[in-house]
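Trainee: Just to be clear, the model below is a prediction. Sequence and coordinates:
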Amino acid sequence: MKTHLLFACCLFPAIVVAAPPLVAVDVGHGERDTGATSARGRSEFAFNRDFAGRLASTLRQRELGVREVNFDGRIESLYARPQAANGSDFFISIHHDSIGEAWLLPWEWEGQAQTYTEVKRGYGIFVSAQNPELATSLRCASTIGAMMRRAGFAPSTWHARKHQPADAENGVWYYDNLVVLYRTRLPAVLFEAGVIKHRDEELELRDPERQARMADAVATGIAACLYVRAAE
């Protein structure tokens, strides 16, 4: 019996299955620092948490591992977020964008004074040149941006006013001093899903069908980038 087992072992060697890439998904801001306020008074953190949850689910459907960072909104330190992601293969911090006070207009929503903008909308993806895995960060950022554009989403051109382009066609910009990007040992991007101060885009960003389409584009980009990296 032992001989047969040894013979079978030699004929059929054990197959080692590598673990799928592990993606750390960070919810930007939190319970105390809720981030920007939308044109209708909703907190950025609420937008971030909604989309991060949908992205995490989509990544799992694609058989990638997911590490949830700050989904409960209780990580206040920016430095603690990359630490919570240690051991992952990629880090993505989910945010929604606003605009400076000079570009805001007043209006009223449900009896409350609010502000909005008409000059800025679209997604943005940021990388830090100080990230130790810059090459992979850039590749993943560009791949995510390309998938976003293929899915019909338009990048914001507004960031050209303040940031150097990394891949402007796909909506990728350098933002070197973002703590969550340069204090991690992982390839990392910060993803701005859209501008919640834009009244029309705010409603679009809350649409479940559109969220699903965006999550699919981002997950496709991450998966393509990480599996290419694993094959190198």
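Mentor: Done, it's in.

Trainee: Pull the number of nearby residues for residue 171.
Mentor: Burial of residue 171, expressed as a neighbour count using other Cβ atoms under 10 Å, amounts to 28. From N, CA and C alone the C-beta is placed, and that goes for glycine too.

Trainee: In this structure it contacts residue 155, no?
Mentor: Yes - counting by Cβ atoms under 8 Å, residue 171 touches residue 155, with 2.6 Å between them.

Trainee: Give me the common contacts of these two.
Mentor: Common neighbours of residue 171 and residue 155 are listed as 122, 123, 124, 125, 145, 148, 149 (criterion: Cβ atoms under 8 Å, 6 or more residues apart in numbering).

Trainee: Next, count neighbours for the last one.
Mentor: The reference is to residue 149. 16.

Trainee: and residue 36, what does it touch?
Mentor: Counted by Cβ under 8 Å, 6+ apart, residue 36 has contacts 43, 44, 96, 97, 98, 196, 197.

Trainee: Please name the nearest non-neighbouring residue to the fifth one.
Mentor: Read it as residue 98. With Cβ to Cβ, 6 or more residues apart in numbering as the measure, residue 36 is the residue that lies nearest to residue 98, at 3.6 Å, once sequence neighbours are left out.

Trainee: which phi and psi does that neighbour have?
Mentor: For residue 36, the backbone dihedrals are phi -70, psi 170 (criterion: degrees, to the nearest 10).

Trainee: Out of the shared contacts of residue 171 and residue 155, list just those in strands.
Mentor: Residues from these lying in strands, with DSSP state E as the criterion: 124, 125.

Trainee: how far away is the residue nearest to residue 98 from residue 54?
Mentor: Note on residue 36: its distance to residue 54, by Cβ to Cβ, to the nearest Å, is 20 Å.

Trainee: and if you look at residue 82?
Mentor: For residue 82, the distance to residue 54 under the criterion Cβ to Cβ works out to 23 Å.

Trainee: Please say which of these two ends up with more neighbours.
Mentor: When residue 82 is set against residue 54 and neighbours are counted by other Cβ under 10 Å, the residue ahead is residue 82, at 23 against 19.

Trainee: wouldn't the more buried one be in contact with residue 178 here?
Mentor: No - Residue 82 is beyond contact range of residue 178, at 10.7 Å (criterion: Cβ under 8 Å).

Trainee: my read: residue 90 touches residue 185, true?
Mentor: No - Residue 90 is not in contact with residue 185 according to Cβ under 8 Å; the separation is 11.5 Å.

Trainee: Settle it for me: which of the two has more neighbours?
Mentor: Neighbour totals were compared for residue 90 and residue 185, and residue 90 leads with 27 against 15 (other Cβ under 10 Å).

Trainee: Name whatever forms a beta bridge with that one.
Mentor: Per DSSP bridges, the residues bridged to residue 90 are residue 23.
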